[in-house]
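*Asks:* how does the following fold in three dimensions:
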Amino acid sequence: MERASRKQSWHVLAAALGAVAVASPTWADTTQPATTTASAKVQTMQLAQAAARAPAPSQAAAAAALEALIKAAKAEGEMTYYSAQTENVPRRVSAAFQAKYGINAKFVRFNSVLLQQRYATDAESGSFPADLIINSGDAITYAENGIKKGWFEPIATAGVPAILSGEFPARFNRNVTAIIQLSPWGIAFNSDKVKGADLPKDWPDLLNPKWKGQILLPDPRASDAYIDHWALLFDKYGESFFAKLRDQNMRLYASGVPATQALGAGEGSIQVPTVGPQVQGVKDKGAPVAMIIPDTSVGVEQHVTLTARAKARNANAGRLFANYLLSAEGNQVFNADPGQAPCMPWATRCPRTTARRSRERLRARPKSSSSSACSALRTMPVRGGRGAATHP
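*Replies:* Prediction:
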């Protein structure tokens, strides 16, 4: 009954936005129920518990493992990863990694859904150009399905020195993936057009008639990460909020990046939702954009997932890059965007504690098949591209 109610609520949410349902992504495991089976949940829990009980190696042993990994990675000389983060983040991290180790870290940037589809297409053809992926949305389920197919291996048992030594905080280790960032969703605005008392402070402020035709909306199909945000607002404000939001004549864009670029170009006054790195990437190019984070928010988790060593082209360089992201040094580089509010693994307290509480509350709710799909806003032309970009 609870699952049926959850599924029904998504249909109501889609209807409130004037939306139509979208089929599950191509990577979904059609041989299994959309939700993780009870046996799979037990197996995942047992693996996590076993990893937690395993005695940690001495610091000397961990240091020796890192030294051996560095040597093997340098022999490979390069690695490639797919990233759902905006381009400014992987570009900065790749440069820092190369400066530290002399290893070329190439990346291809997609939105979350396209990233998963691309990786699955590669894997199903027997090709694994990406040694790891950095992804948001339902990254854990995607990793679990990929492990069943032999594409990935659990990061907890992949011999990553930062995990072996205990440097990486255990509470961010999800066994199959590792969380390297939590960025709360916020409201972006064009700082040339929105000033002073007009600045929105909370989600209901979006319903002010002055914003009619001025709100830019990324297509929710671009990432599963959007689902938790809209579900939270549906739970808090109800269907009437979405009916009024739809009356604001929002402008739909293919994903967050073209929406933020359009905001900076003055095509609208407000963009929702967005995260700090996305806004900063456009601001760094001189665009007049800024953002605020309402007290009620959920966070976008960025997960690292490793291609199985037997499949990866540069397994050692890939694991060394993962180790860098999981280390205090590399994680600070990953989270270095000014003005963003990430909850880094080493943070003693998230900047917005409500974001963490809301995320955990939503995760505790039952998931239906609707959780793996997003909705498209009907009657709104999609603006902006949905392509990928490859970077050396």
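*Asks:* residue boundaries of the strands in the stretch 1-150 of the chain?
*Replies:* Residue ranges of the strands in the stretch 1-150 of the chain, as given by DSSP state E, counting those that start in this stretch, are 19-21, 78-83, 104-109, 132-135.
*Asks:* residues near the nearest residue to A105 once chain neighbours are set aside, how many?
*Replies:* On the basis of CB to CB, 6 or more residues apart in numbering, the spatially nearest residue to A105 that is not a chain neighbour turns out to be S94, at 4.0 Å. Heads up, the C-betas are built off the backbone N, CA and C, glycines and all. Around S94 sit 22 other residues, with neighbours defined as other CB atoms under 10 Å.
*Asks:* now swap in H303 and tell me
*Replies:* If you count neighbours by other CB under 10 Å, H303 ends up with 24.
*Asks:* help me confirm that it comes into contact with L182.
*Replies:* No - contact status for H303 versus L182: not in contact, 10.5 Å apart, counting by CB atoms under 8 Å.
*Asks:* how about the nearest residue to the residue nearest to the spatial centre of the chain, chain neighbours excluded?
*Replies:* The residue lying closest to the centre of the chain (CA atoms, centre = their mean) is S136, at 2.1 Å. Counting by CB to CB, 6+ apart, S136 lies nearest to A225, which is 4.3 Å off, once chain neighbours are set aside.
*Asks:* one step back: between the strands of the stretch 1-150 of the chain, which one is closest to I215.
*Replies:* When these are compared by CB to CB, strand 19-21 sits nearest I215, at 15.7 Å.
*Asks:* just the mean pLDDT for that closest one, thanks.
*Replies:* Confidence over strand 19-21, taken as the mean pLDDT, stands at 36.
*Asks:* repeat for stretch 206-222
*Replies:* Taken as a whole, stretch 206-222 has a mean pLDDT of 94.
*Asks:* using PDB, write out every CA atom in it.
*Replies:* Listed in PDB are the C-alpha atoms of stretch 206-222, where the atom choice follows Å, rounded to 0.1, in the frame of the first residue of the first chain:
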ATOM      1  CA  LEU A 206       8.900  31.800  -6.900                       C
ATOM      2  CA  LEU A 207       5.100  32.200  -7.000                       C
ATOM      3  CA  ASN A 208       5.400  36.000  -6.900                       C
ATOM      4  CA  PRO A 209       3.600  37.300 -10.100                       C
ATOM      5  CA  LYS A 210       6.700  39.500 -10.900                       C
ATOM      6  CA  TRP A 211       8.600  36.300 -11.900                       C
ATOM      7  CA  LYS A 212       6.000  35.200 -14.500                       C
ATOM      8  CA  GLY A 213       7.900  34.200 -17.600                       C
ATOM      9  CA  GLN A 214      11.200  34.800 -15.800                       C
ATOM     10  CA  ILE A 215      11.900  31.400 -14.200                       C
ATOM     11  CA  LEU A 216      14.300  29.000 -16.100                       C
ATOM     12  CA  LEU A 217      13.800  25.300 -15.300                       C
ATOM     13  CA  PRO A 218      16.300  22.500 -16.200                       C
ATOM     14  CA  ASP A 219      14.500  19.500 -17.700                       C
ATOM     15  CA  PRO A 220      14.100  17.100 -14.700                       C
ATOM     16  CA  ARG A 221      14.900  14.200 -17.100                       C
ATOM     17  CA  ALA A 222      18.500  15.400 -17.200                       C
END
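*Asks:* got the buried residues for that stretch?
*Replies:* Neighbour-count burial for stretch 206-222, counted by 16 or more other CB atoms under 10 Å, picks out L206, L207, W211, Q214, I215, L216, L217, P218, D219, P220, R221, A222.
*Asks:* give me the next element, helix or strand, following the biggest strand by length in the chain.
*Replies:* Criterion DSSP state E: the longest strand present in the chain is strand 299-307. Once strand 299-307 ends, the next helix or strand along the chain (criterion: DSSP states H and E) is helix 315-326.
*Asks:* neighbouring contacts of that following helix?
*Replies:* Under the criterion CB atoms under 8 Å, 6 or more residues apart in numbering, residues 66, 69-70, 72-73, 75-79, 81, 93, 97, 100-101, 103, 105, 131-132, 134, 155, 158-163, 167-168, 178, 180, 304, 306-307, 309, 312, 330-331, 334, 345 lie in contact with helix 315-326.
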